[in-house]
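K.L.:
Show me how the following folds:
(2 chains)
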2 protein chains.
Amino acid sequence: MTAPVHELRVDGQRLWASLMELAQIGATPKGGVCRLALSDLDRQARDWLCAQGRALGMSVRVDAIGNIFLRRAGLRDDLPPVMTGSHIDTQPTGGKFDGNYGVLAGLEVVRTLNAHGVQTQAPIEVVSWTNEEGSRFVPVMMGSGVHVGAIALEAAYAARDADGVSVREALSGIGYLGEKPMQAAPAAAYFEAHIEQGPVLEQHNAVIGVVPGVLGIRWFDCTVTGMEAHAGPTPMAMRQDAMQGAARLMQMVVDLAHEFAPHGRGTVGMVQVYPNSRNVIPGQVRFSVDLRASSDTDVDAMAERFAQRAQELVSGWGLSMSLVPVSAYPAQVFAPKCQALIEQAAQRLGLAHMPVVSGAGHDAVYMARVAPTGMIFIPCAGGISHNEIEDAKPEHITAGADVLLQAMLAVAEVA
Amino acid sequence: MTAPVHELRVDGQRLWASLMELAQIGATPKGGVCRLALSDLDRQARDWLCAQGRALGMSVRVDAIGNIFLRRAGLRDDLPPVMTGSHIDTQPTGGKFDGNYGVLAGLEVVRTLNAHGVQTQAPIEVVSWTNEEGSRFVPVMMGSGVHVGAIALEAAYAARDADGVSVREALSGIGYLGEKPMQAAPAAAYFEAHIEQGPVLEQHNAVIGVVPGVLGIRWFDCTVTGMEAHAGPTPMAMRQDAMQGAARLMQMVVDLAHEFAPHGRGTVGMVQVYPNSRNVIPGQVRFSVDLRASSDTDVDAMAERFAQRAQELVSGWGLSMSLVPVSAYPAQVFAPKCQALIEQAAQRLGLAHMPVVSGAGHDAVYMARVAPTGMIFIPCAGGISHNEIEDAKPEHITAGADVLLQAMLAVAEVA
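P.N.:
Model prediction:
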């Protein structure tokens, strides 16, 4: 090896070709991918991935929840590994890049090291986590959750799909029920490259998003109850219109997000009106509340303010309400050290970069509980994902993998 | 006959008993009535009604749309008749009083006249109009609409229920397809007694509502379009949230009603959200707009203001909208002469009375196009109707029929 390590670059065309090759497994007519976790298509993709790893001289291990660990030995193989990865299961109408990019960018890092004969002190591991999407089996981020002990293995095994097939049966059926529980061993760092799945990088003409952390999430079902009555004979002053009350609370969800700017988020995505008839004043409206903020303190404060203010207002309108918690996902701050390595790599590579908080969960959120963790975002067209039209530019795919390579090398140390 | 005409009173117990008897036909376990227009239960009720009329010495005519005219001859039988009536079809989950009360109050007027040997100059007609509810066949108020020429007979015949049965087939099937078109002959007056179907009388402790007219109605479908996106990764400033736009427009519907107080009414009864998923910012929301006001000028002004302001606001939010007219029902003012007769009767009877505008349509609205028309409202429990728990107090049932009797006698003139 002759060139200095910081001049190493991935082969963007090779990485792109591997993404397109993997996207053939479960390809949809609209250009997307449907490859549900632990399906036969997932098996095909896993087999392909393991073969790719073996061809690069990597060892393959599968743990009890089906996570695949591809390992390139280090000069000092007893050192904690430098890890990267993501997932290769997709949504039913998924795209080619969500998850797949993070796994194949990891393989491309190894290919680049092999091609240039670079040896690292610490071993390098590329992980493909089982069932990140949660489309077929709930909960989401199952493989990484079990790995770090956030989800009990037996609970994960017991999850069943719509046809009644359990995770354990499905793992066994595709031949990916590993023997060892494989609880998290110490890792020097975990990096995950991923499409942003949002519009921020694209709108700022930036190429690399340095992710400071993942927002905390709180989900509620809010039900406003009034009194259904005929729209004609009931004067305005004698109404208990649940929809009008609900409409104001829906605006409060958004107002609260602005109070917790810049990272506060508030969304009402789901609304059900009863009896939902044109000339009947609604007697009851149920709607979802999705609150997100950069810390658990903030998101809990949002939830508390919503509950308090909504209750006060609703009583004043002669209505009643209930607010039922549905789910809560904690906020996660990523390691400053990893953020700095990603930022420095982008800087050296001359890539426009900026901090972009992650509003959605990723396997990195669980890994951050057991290892210094960082995420690298690249733009995706229109911020769209979980959609067959999901798209990313080859130069961004390349740029993200170059940053990943440099950040991993900085931790793994070249001899 | 000895007592002065203004001392005549109906027999409240007899009227109540007849209501309870009719309510047996199509009685539901919850205490309501399900007697859809032109069903076999409707036939049974019609047969019962005709037998009641004949027993009172009335002639029975059925017109081409199945309206039943029960006639008590006048001393001067060539005079235009004094008419009253309503309907005996019900909603699928209907009550005992809606419609039925108006028809049986008319029969009770005739029973009272017979019992006291009172003869009137003008003939008296009690009408039962076909398919007022519109639950099985659209449009609503079909029989009275055809009678006054607002609905073409052939169009009414062609209307089909969910099973594909036409009105003509159904009329023929139950034996109520009359031969004559029976276009409206001149009438001296038309009175209709009806439960209020709203809360105003009850809340004011009044017994008689003198109805000045019926509100004009305009129905629209409003669709707000934004861009669906993930609730997590999309910052507030980069959203085109259709639900948030729709929520503001829904409030505008109510604000407009207050601008046209006291009779303006605005209701959003029906809401559909797309894709209606908890963690997706809604891309599209469709909702119904129901605007009512006491004149067509007012209700058209409401609709125009809504369209204009909504369009401006929505563009400012980066959303788009469409507003599609669905139906329009004109406002109708009732004859001041008839209102005065009702008010005077209530006054003489010592019954607490007040003007109560009708927010919903009635057969009287069509009759007002061809005859001096008045409506008498009585309270119903909680303002609730179109519901099996619909209820009215015997003393109010009696009071409304007494007012009807006095108002009709004032027009029909006693010898």
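
K.L.:
give me every residue that touches the residue nearest the centre of chain A.
P.N.:
The structure's chain A has its C-alpha centroid closest to A:H362; by C-alpha atoms, centre = their mean the separation is 2.9 Å. With C-beta atoms under 8 Å, 6 or more residues apart in numbering or on different chains as the criterion, the residues that contact A:H362 are A:S86, A:E132, A:M141, A:E192, A:H194, A:V214, A:M375. C-betas here are computed from N, CA, C, even on glycine.

K.L.:
likewise A:I65?
P.N.:
With contacts defined as C-beta under 8 Å, 6+ apart, the neighbours of A:I65 are A:T130, A:M142, A:G143, A:V146, A:H147, A:L153, A:A156, A:V167, A:L171, A:G178, A:M182.

K.L.:
And the residue lying closest to it once chain neighbours are set aside, how far from chain B?
P.N.:
In space, and not counting its chain neighbours, A:I65 is closest to A:V146: 4.3 Å by C-beta to C-beta, 6 or more residues apart in numbering or on different chains. Counting by C-beta to the nearest C-beta, to the nearest Å, the separation of A:V146 from chain B is 23 Å.

K.L.:
right, and A:V146 touches A:A159 too?
P.N.:
No - under the criterion of C-beta atoms under 8 Å, A:V146 is not in contact with A:A159, lying 10.9 Å apart.

K.L.:
Quick check on the two: which one has the bigger neighbour count.
P.N.:
A:V146 (30 against 19; other C-beta atoms under 10 Å in any protein chain shown).

K.L.:
Distance of that one relative to A:V33?
P.N.:
Going from A:V146 to A:V33 by C-beta to C-beta, to the nearest Å gives 24 Å.

K.L.:
Ok, A:A162 next?
P.N.:
As defined by C-beta to C-beta, A:A162 lies at a distance of 20 Å from A:V33.

K.L.:
Of those two, which one has the most company?
P.N.:
In terms of neighbours (other C-beta under 10 Å), A:V33 is the more surrounded of A:A162 and A:V33; the figures are 28 against 7.

K.L.:
tell me the secondary structure for the residue nearest to A:I65?
P.N.:
For A:V146, the assignment made with DSSP: H, G, I helix; E, B strand; the rest coil gives helix.

K.L.:
Over to A:A345?
P.N.:
A:A345 ends up helix, using three-state DSSP.

K.L.:
got the contact list for it?
P.N.:
A:A345 makes contact with A:D402, A:V403, A:Q406, A:A407, A:A410, according to C-beta under 8 Å, 6+ apart.

K.L.:
Can you turn the buried part of the residues you listed into a ChimeraX selection?
P.N.:
For the buried members of these, the matching ChimeraX selection, counting by 16 or more other C-beta atoms under 10 Å in any protein chain shown, is:
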select /A:402,403,406,407,410
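
K.L.:
Helices - which of the contacts of A:A345 land there?
P.N.:
Using DSSP state H, the subset of the contacts of A:A345 located in helices is A:D402, A:V403, A:Q406, A:A407, A:A410.

K.L.:
Go ahead and confirm A:G359 touches B:T234.
P.N.:
Yes - under the criterion of C-beta under 8 Å, A:G359 is in contact with B:T234, at a separation of 6.9 Å.

K.L.:
Helices of the stretch 251-400 of chain A, start to end?
P.N.:
Taking DSSP state H, counting those that start in this stretch as the criterion, the stretch 251-400 of chain A carries its helices at A:296-316, A:336-348, A:363-367, A:394-412.

K.L.:
Burial-wise, tell me which of the ones you listed comes out on top.
P.N.:
Ranked by mean neighbour count, the helices of the stretch 251-400 of chain A are led by helix A:363-367 with a mean of 29 (mean count of other C-beta atoms under 10 Å in any protein chain shown).

K.L.:
Any chance you could list what contacts that helix?
P.N.:
For helix A:363-367, with C-beta under 8 Å, 6+ apart as the criterion, the contacting residues are A:83, A:85-87, A:127, A:129, A:132, A:141, A:143-145, A:147-148, A:150, A:187, A:190, A:192, A:194, A:211, A:214, A:329, A:332, A:334, A:358, A:373-375.

K.L.:
correct me, but A:L404 touches A:L107?
P.N.:
No - counting by C-beta under 8 Å, no contact exists between A:L404 and A:L107, whose distance comes to 10.9 Å.

K.L.:
and the residue of chain A positioned farthest from its centre, backbone torsions?
P.N.:
Largest separation from the mean C-alpha position in chain A: A:P233, at 51.1 Å (C-alpha atoms, centre = their mean). A:P233 has phi and psi values of phi -80, psi 0 when expressed as degrees, to the nearest 10.

K.L.:
Look up how far A:A242 lies from the closest residue to it other than its chain neighbours.
P.N.:
In this structure, A:P233 finds its nearest non-sequential neighbour in B:G198, 2.8 Å apart by C-beta to C-beta, 6+ apart. Remark: distance between B:G198 and A:A242 (C-beta to C-beta) = 18 Å.

K.L.:
What of A:L107?
P.N.:
A:L107 sits 54 Å away from A:A242 when distances are taken as C-beta to C-beta.

K.L.:
Let me know how buried the residue of the stretch 251-400 of chain A found nearest chain B is, in neighbour terms.
P.N.:
For the stretch 251-400 of chain A, the residue closest to chain B is A:G359, as judged by C-beta to the nearest C-beta, at 3.1 Å. The tally of other residues near A:G359 (other C-beta under 10 Å) stands at 25.
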